[in-house]
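# okay, predicted coordinates and the sequence, questions at the end:
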Amino acid sequence: MRLGLNLGYWQRYADDATETVLAAERLGYDSVWTAEAYGSDAFTPLAWYGARTSRIKLGTSVAQLSARTPAATAMTAMTLDHLTGGRLLLGVGASGPQVVEGWYGQPFAAPLARTREYVEIMRRIWRREEPVTAPGPHHPLPLPGGLGKPLKLITHPLRPDIPVYLGAEGPKNVALAAEIAQGWLPLFAFPSKIEEMYGEALRERPPGFDVAAMVVVIVTDDLRAALDGVKLMLTLYIGGMGAKGRNFHADIIGRMGFAEAAERVQSLYLSGQKEAAFRAVPDELADGISLVGPPGRIRERLEPWHRSPVTNLLVMGPRDEDSLRTVRDLVLG
């Protein structure tokens, strides 16, 4: 089991976590990850932290496909990988229709086919075997009927095989990750249910495939407050991070066995009853996808994670050096 730190994306205010990242590197954390939604982007903070560190790997969890063309993402990844000495882990994901259509103004269509095409184009760019052409239909290169011609990346990549991870929640998307990527980034993972939910999708994963699960970790004697913190996050994702008819976060909670609760949370949230939606999130769900409570309790609850297909825990929550050390000792000790 490897250990990473997931910083997520900025909330209301800018969040320079340099001291946290430096502490994580000193303590032997394998990686640090940033994210994006419709606020801070994923790449700029990694460049900032990469300039101040020397060893820790730098991951995007995730960079949204609709935010950039495949060529733009490939260029950014190549540049950052060079500047940081080959430390980039490129996590990408299709996001959902609310963000893709509402924020980027792009159609949300055929996410599986679009993801496959996107990753293949990036790999062709990095390999520099020939000028890049792609038949589409989502990202045709060159643009049909235009004046463009196939081009080859000017700069030779430091690594022509930059590791690609997919942020995926549905079984078909997870199977795609196992087929075309080096890793999978599950946002919500219930360790005792991963095999049941995704065993078939992961069956053909290659050796070394990294299942890097994001998990909220709160070391505290106040279990109630910790669970409420996880429930607050779940309320937003189940209730507000998707449209009524298409919310992948609510869908995955349903597949975990909480379909009725997910439907109730979303209905309450979308009707403006956010406090009632929060109360409708089951404690069992919040506890199952997180590691919260006193150290002894967390140590016991780590056992299902170690028995699961997860190979990498990307912890969310700890920020000071003492907390990072405690989490490290619990997970790796």
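Done, it's in.
# could you dump the lowest-mean-pLDDT helix or strand in the chain to CSV, C-alpha only?
Lowest on mean pLDDT, DSSP states H and E among the helices and strands of the chain sits helix 248-253, with a mean of 87. Only the C-alpha atoms of helix 248-253 are listed here, as CSV (Å, rounded to 0.1, in the frame of the first residue of the first chain):
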residue,chain,number,x,y,z
PHE,A,248,-22.8,9.8,-11.3
HIS,A,249,-22.0,10.3,-7.6
ALA,A,250,-25.6,9.5,-6.6
ASP,A,251,-25.4,6.4,-8.9
ILE,A,252,-22.3,5.0,-7.3
ILE,A,253,-23.8,5.5,-3.8
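# for that helix, buried residues please.
Under the neighbour-count criterion of 16 or more other Cβ atoms under 10 Å, helix 248-253 has 248, 249, 250, 251, 252, 253 buried. For every residue, glycine as well, the C-beta is placed using N, CA and C.
# now the second one. Nearest residue, chain neighbours left out?
This means residue 249. residue 237 (4.3 Å; Cβ to Cβ, 6 or more residues apart in numbering).
# what does the first one give?
Spatial nearest neighbour of residue 248, excluding adjacent residues (Cβ to Cβ, 6+ apart): residue 169 at 4.9 Å.
# show me the contacts for that neighbour.
By Cβ atoms under 8 Å, 6 or more residues apart in numbering, residue 169 lies in contact with 186, 187, 188, 248, 249, 251, 252.
# quick one: contacts of the helix or strand harbouring residue 25?
Per DSSP states H and E: residue 25 is located in helix 18-26. Helix 18-26 is contacted from outside by 5, 7, 32, 48-49, 52-56, 319-321, 324, using Cβ under 8 Å, 6+ apart.
# of the residues you listed, which is the most crowded?
residue 5 (30 neighbours; other Cβ atoms under 10 Å).
# ok and the strand or helix carrying it relative to helix 18-26, angle-wise?
Per DSSP H and E: residue 5 is located in strand 2-8. Using axes from the mean of the first three to the mean of the last three Cα atoms, to 10 degrees, the direction of strand 2-8 lies 170 degrees away from that of helix 18-26.
# quick one, phi/psi of residue 76?
Dihedral pair for residue 76: phi -60, psi -40, per degrees, to the nearest 10.
# that one: neighbouring residues, count only.
With other Cβ under 10 Å as criterion, residue 76 counts 21.
# now swap in the one 10 residues further on and tell me
Using other Cβ under 10 Å as the criterion, residue 86 is surrounded by 12 other residues.
# check which helix or strand covers it.
Here residue 86 sits in a region with no helix or strand, counting by DSSP H and E.
# repeat for the one 5 residues further on
Secondary-structure element containing residue 91, defined by DSSP H and E: strand 88-93.
# could I have the CA atoms of that strand written out in PDB?
Extracted in PDB, the C-alpha atoms of strand 88-93 (Å, rounded to 0.1, in the frame of the first residue of the first chain):
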ATOM      1  CA  LEU A  88       3.900  13.700 -13.100                       C
ATOM      2  CA  LEU A  89       1.000  11.300 -12.700                       C
ATOM      3  CA  LEU A  90      -1.700  12.500 -15.200                       C
ATOM      4  CA  GLY A  91      -5.200  11.800 -13.900                       C
ATOM      5  CA  VAL A  92      -8.000  12.700 -16.300                       C
ATOM      6  CA  GLY A  93     -11.700  12.300 -16.200                       C
END
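# spatially central residue in the protein, please.
Centroid-nearest residue in the chain, with Cα atoms, centre = their mean: residue 61, separated by 3.3 Å.
# coming back round to it: for residue 180, state which of the contacts of helix 18-26 is nearest.
residue 32 (24.5 Å; Cβ to Cβ).
# how about the strands in this protein?
2-8, 31-34, 57-60, 63-64, 88-93, 164-167, 183-185, 210-219, 290-293, 312-316 (DSSP state E).
# can you list the neighbours in contact with the least confident helix or strand of the chain?
With Cβ under 8 Å, 6+ apart, helix 248-253 has contacts from 96, 169-170, 187-188, 234, 237-238, 241-242, 259, 261-263, 265-266, 285.
# narrow the residues you listed to those in helices?
With DSSP state H as the criterion, helices contain 234, 237, 238, 259, 261, 262, 263, 265, 266, 285 from among the contacts of helix 248-253.
# which of the residues you listed count as buried?
So, by 16+ other Cβ under 10 Å, the buried ones in the ones in helices among the contacts of helix 248-253 are 234, 237, 238, 261, 262, 265, 266, 285.
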